[in-house]
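Asker: 3D, please:
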Amino acid sequence: MKISELKDAPEWLLNAKVENEDVEIIDGIVIWKSGTWVDGAWKDGIWKAGTWFDGCWQNGTWCDGLWDNGVWKKGIWKNGKWNNGVWMDGSWVDGKWINGWWINGTWGNGIWCDGLWNNGVWRKGIWANGKWNNGVW
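Answerer: Reported below is the predicted structural model:
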């Protein structure tokens, strides 16, 4: 459903710049099913699929999709492909990291292809390339 068709959509969702979105609100939780997030601040909810181009992820659960740029403040990343951006904190469960800047958080599993790691905990996965500055391996 389009954001404009939702009943009781939060203000942050109404203010976002999006394209071809399919979104639901179930029991007060925003569920992004598909489409493109162009810009804005994601406050909380569940991202199931789609493309993220830019903006600020403040909290929530990412299940799958393509992240292309932006700032991730905190939340849970379950799967998907990260292309670029800044990861501030949160839990990475699995997925593929292509490039970007990791500030802090916990890496559970996945493939790290390139980027800058500053701090955090690496538990498991494949490190292909990049710069490691600090953290627990």
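
Asker: What are the boundaries of the helices in the protein?
Answerer: Assigned by DSSP state H, the helices in the chain fall at 11-14.

Asker: Just want the most central residue of it.
Answerer: residue 62 (5.5 Å; C-alpha atoms, centre = their mean).

Asker: From what I see, that residue and residue 75 are in contact.
Answerer: Yes - taking contacts as C-beta atoms under 8 Å, residue 62 lies within contact range of residue 75: 6.6 Å. The C-beta positions use only the backbone N, C-alpha and C, and glycine is treated the same way.

Asker: Look up how far residue 114 lies from residue 77.
Answerer: Computed as C-beta to C-beta, to the nearest Å, the residue 77 to residue 114 distance reads 17 Å.

Asker: When these two are compared, which one has more neighbours?
Answerer: More neighbours surround residue 77 than the other of residue 77 and residue 114, with 27 against 12 (other C-beta atoms under 10 Å).

Asker: mind listing what that one touches?
Answerer: With contact taken as C-beta atoms under 8 Å, 6 or more residues apart in numbering, residue 77 is in contact with 62, 90-93, 95.

Asker: Which of the residues you listed sits closest to residue 105?
Answerer: Residue 105 lies nearest to residue 90 out of the contacts of residue 77, by C-beta to C-beta, at 4.9 Å.
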